[in-house]
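J.: Whatever this is, show me its structure:
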Amino acid sequence: MNRSVNRQYSAVQIKTANKGKLIVLLYQGAVRFLNKSMMQLEEKDMEGKGNSLIRAQDIVLELMYALDQKLLDEGNELALNLQRLYLYCYRRLVHANTHLDRGAIEEVVELLNNLLDAWEQVASQNPEGAPMERQTVALTG
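T.: Residues are numbered from 1 along each chain as shown. Reported below is the predicted structural model:
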């Protein structure tokens, strides 16, 4: 029952969030799955570890797809750097999954936590969902 309520709350939270808050939720989800994967790795739950890492990989891909293609095409430095960072994180997670490399998972957690902190600041400065500056957030419009 509690799990059902949590899912319903999460669905409402996602449907009512502005873009900045959605990005924060994605980062939080990725970090949560990565932390779970490290616990599963310690417990020798290889199937669970693999599933958690794949979920985190999917979120990293979603973050990459959320980048504004127009800004990428124009060579916007922030958008390009985020794209490179997401690709790097994705590759490190694939490596972590195939080589049981906890260090790679920890590295991605640190990178995502740093970005999460920045996005939380952006989202808190824009709590009402007003349009955010495209150059600042490099998101799809």
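
J.: Please make it C-alpha for all contacts and neighbour counts, starting now.
T.: OK.

J.: in this structure, which ranges drop under the pLDDT threshold?
T.: 1-17, 127-141 (pLDDT under 70).

J.: which residue ends up closest to the midpoint of it in space?
T.: Closest residue to the average C-alpha location of the chain: Y27 at 3.3 Å, with C-alpha atoms, centre = their mean.

J.: Need the residues that contact stretch 95-113.
T.: For stretch 95-113, contacts defined as C-alpha atoms under 8 Å, 6 or more residues apart in numbering pick out 27, 30-31, 34-35, 38, 41, 49-50, 53, 89, 92-93.

J.: Take those residues and keep only those in helices.
T.: Those of those mapping onto helices are 27, 30-31, 34-35, 38, 41, 49-50, 53, 89, 92-93, per DSSP state H.

J.: mind listing what the residue nearest to the centre of the chain touches?
T.: So Y27 contacts I59, L112, N113, L115, L116 (C-alpha under 8 Å, 6+ apart).

J.: Most neighbours among those, which one?
T.: I59 (23 neighbours; other C-alpha atoms under 10 Å).

J.: For it, pull up the helix or strand it's in.
T.: I59 belongs to helix 46-65 when elements are defined using DSSP states H and E.

J.: ok, and what's touching that helix?
T.: Against helix 46-65 from outside (C-alpha under 8 Å, 6+ apart): 23, 26-27, 29-31, 33-34, 36-38, 40-41, 82-83, 86-87, 89-90, 93-94, 97.
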